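Colleague: Pasting a predicted model and its sequence here:
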Amino acid sequence: MPKRPARPRPFYPRPPTPPPAFRPAPASAHAPRPTRALIWIDGDPIRSKARKEYEKARRDLDKARVQIEKFQSQDLPAFGRWMSATFGQQLTETREISRQLAEQGALLAEIDDYMFVFGVGPGEAYAAVMHHRAHPEEAPPQPPPRSGPGGPRDPGGPGSFMDDDDEDESEADPDFDPRSDEAIYEKFAKAFEQAFGQAPPPEFRPPGPPPKRTKTASVKDLYRALVRKLHPDTQATMTPQKLEWWHEVQEAYADNDAERLEVILNLIEMSEGEPTAQTSVSLLRRIIARLKVSLREIKREVTARKHDPAWNFTTRGDRDVLAARVQRELAVQLEHLHRAYAADETILRRFAADARRHTERLEARAKKPAPKRPPPPGPKRPPGQNEFYF
């Protein structure tokens with residue numbers, strides 16, 4: 001008889017062995033006791049690092065400002081003179097067509113306003129607007145009176161659609177009370193107490209005027225020091241940076257912000273090369289953060305200015321390539337302006353044709369004789385009565 005094969009044993013995974021519990025080492029008799037002794041930290045490396053970071057941010061900011069100032073004082077004027085000398089005819093034509101296009105836009109806007117106010121067609125509106133332009137000494141036309149449930153409404157009078165926006169609030173609302181908020185609240189509190197038998201909740205009381213900020217001694221001292229350094233009357237040359245600091249000083253003094261005033265004062269001292277040994281590291285960090293914010297703003301401006309064709313124009317050598325590009329751009333701009341002018345001219349010609357037809361209809365109606373109406377019947381005579389005329 002063959003031997004029966006052995007059945008495999010089932011595999012039961014063994015649970016993981018938990019890590020041994022952490023047991024602190026027994027306290028030794030010679031362990032150091034906790035102490036509150038002060039530890040001396042040398043702040044010179046920290047201050048030196050902050051100073052280097054400040055100098056780098058200052059150099060980058062000055063470099064970006066020099067680029068912007070060069071672009072505004074040298075590149076832009078030189079580029080304008082070159083454009084006038086090279087593309088004078090195209091620029092003149094562009095200015096002329098732009099002026100004519102603006103005049104057409106103003107005329108179309110005036111015609112649209114007349115059509116909206118008076119509810120007439122474009123032909124009649126065109127004729128009225130052109131007549132008013134030819135005779136400005138005459139009074140402008142007034143909209144026709146509108147009838148309502150209470151009778152005719154005079155244009156511009158109370159209740160008319162022209163008076164809705166200009167009507168005084170006290171006349172529109174009979175319950176309008178021009179008194180102060182406190183007097184209005186007293187009136188409301190009296191009515192509330194009569195209706196509910198108790199005073200209104202405190203949250204119903206209107207807030208009073210905001211408390212006036214009092215200037216602290218530190219703010220006043222910082223402001224006096226900054227005024228001595230930045231006042232326009234004491235400056236030989238008021239640079240844009242000093243003017244910006246001067247406006248910031250006024251805002252910080254109005255907000256009673258001593259920290260901002262201190263930052264501006266340290267910035268001025270650092271820019272003048274005065275010693276900053278007393279400046280704390282935390283204040284240096286705030287100054288560096290402020291410089292980095294200004295640097296990001298100026299870098300965004302520099303990036304936007306680099307797309308201008310006048311950027312670095314004084315040091316540019318490929319002016320022929322620039323001239324070809326400007327020529328193409330001017331041609332495209334002129335074509336766009338001519339198309340817009342032609343479209344507006346077509347609309348105005350159609351309005352003029354409608355105005356002529358409207359005028360012809362009015363003239364034909366005036367020349368046409370009025371139809372004769374039969375005389376009204378007289379009083380009936382009794383039969384047999386003769387009619388005598390004396």
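Modeller: Noted; the coordinates are in hand. Numbering: from 1, shown residues only.
Colleague: which residues in this structure form strands?
Modeller: 146-148, 151-153 (DSSP state E).
Colleague: mean pLDDT lowest for which of those?
Modeller: Among the strands of the chain, strand 151-153 has the lowest mean pLDDT, at a mean of 44.
Colleague: which helices and strands sit right next to the lengthiest helix in the chain?
Modeller: Counting by DSSP state H, the longest helix found in the chain is helix 319-367. With contacts taken as 3 or more C-beta pairs under 8 Å, 6 or more residues apart in numbering; DSSP states H and E, helix 319-367 sits against helix 76-86, helix 88-118, helix 122-134. Backbone N, C-alpha and C define where each C-beta goes, glycine included.
Colleague: which residues are contacting the shortest one?
Modeller: Here helix 76-86 makes contact (C-beta atoms under 8 Å, 6 or more residues apart in numbering) with 91, 309-310, 313-314, 319, 323, 326.
Colleague: and those residues, which two are the farthest apart?
Modeller: Spatial extent of the contacts of helix 76-86 (C-beta to C-beta) is set by the pair 91 and 314 at 20.7 Å.
Colleague: dump the residue contacts of residue 283.
Modeller: So residue 283 contacts 262-263, 266 (C-beta under 8 Å, 6+ apart).
Colleague: That one and residue 79: what is the separation?
Modeller: 43 Å (C-beta to C-beta, to the nearest Å).
Colleague: same question, residue 304
Modeller: 16 Å.
Colleague: what about those two, which has more around it?
Modeller: Using other C-beta atoms under 10 Å as the criterion, residue 304 and residue 79 rank with residue 79 on top: 20 against 10.
Colleague: how many other residues sit next to residue 105?
Modeller: 12.
Colleague: give the contact list for it.
Modeller: Here residue 105 is in contact with residue 344 (C-beta under 8 Å, 6+ apart).
Colleague: Do you know the pLDDT at it?
Modeller: pLDDT at residue 105 comes out at 93.
Colleague: for residue 270, same thing?
Modeller: So, for residue 270, pLDDT stands at 71.
Colleague: Also residue 189?
Modeller: Value listed for residue 189 in the pLDDT field: 84.
Colleague: can I assume it is in contact with residue 201?
Modeller: No: counting by C-beta atoms under 8 Å, residue 189 stays clear of residue 201, with 10.5 Å between them.
Colleague: Test for you: state the pLDDT assigned to residue 192.
Modeller: Per the predicted model, pLDDT is 84 at residue 192.
Colleague: and it, how many neighbours?
Modeller: For residue 192, using other C-beta under 10 Å, the count is 16.
Colleague: What of residue 125?
Modeller: With other C-beta under 10 Å as criterion, residue 125 counts 24.
Colleague: What's the separation between the closest residue to residue 331 other than its chain neighbours and residue 182?
Modeller: Distances taken as C-beta to C-beta, 6 or more residues apart in numbering place residue 90 nearest to residue 331, at 7.9 Å, with adjacent residues excluded. Distance, residue 90 to residue 182, using C-beta to C-beta: 67 Å.
Colleague: Compare those two and say which one has the larger neighbour count.
Modeller: Ranked by neighbour count (other C-beta under 10 Å), residue 90 and residue 182 place residue 90 first, with 16 against 11.
Colleague: surely the more buried one meets residue 329?
Modeller: No: Residue 90 is beyond contact range of residue 329, at 10.0 Å (criterion: C-beta under 8 Å).
Colleague: Report the residue spans of the stretch 101-250 of the chain with pLDDT below the cut-off.
Modeller: 143-180, 208-215 (pLDDT under 70).
Colleague: Name the nearest residue to residue 58, sequence neighbours excluded.
Modeller: Going by C-beta to C-beta, 6+ apart, residue 58 has residue 291 as its nearest residue, at 6.3 Å.
Colleague: residues contacting the one you found?
Modeller: 54, 57-58, 61, 267.
Colleague: what does residue 112 give?
Modeller: No contacts exist for residue 112 under C-beta under 8 Å, 6+ apart.
Colleague: and residue 320, how many neighbours?
Modeller: Residue 320: 8 neighbours (other C-beta under 10 Å).
Colleague: What separation do you get for it and residue 327?
Modeller: Distance from residue 320 to residue 327, by C-beta to C-beta: 11 Å.
Colleague: and what of residue 70?
Modeller: Residue 70 sits 26 Å away from residue 327, going by C-beta to C-beta.
Colleague: Please apply the same query to residue 80.
Modeller: Distance from residue 80 to residue 327, by C-beta to C-beta: 17 Å.
Colleague: Could you do residue 71 as well?
Modeller: Following C-beta to C-beta, the distance that separates residue 71 from residue 327 is 23 Å.
Colleague: between the two, which one's more packed in?
Modeller: The neighbour comparison of residue 71 against residue 327 (other C-beta under 10 Å) goes to residue 71, with 21 against 13.
Colleague: wait, doesn't that one sit right on residue 305?
Modeller: Yes: if you go by C-beta under 8 Å, residue 71 and residue 305 touch, sitting 5.7 Å apart.
Colleague: Between these two, which contacts overlap?
Modeller: residue 311.
Colleague: still on that earlier bit, which one of the contacts of residue 291 sits in the busiest neighbourhood?
Modeller: Highest count within those by other C-beta under 10 Å belongs to residue 54, 20 neighbours.
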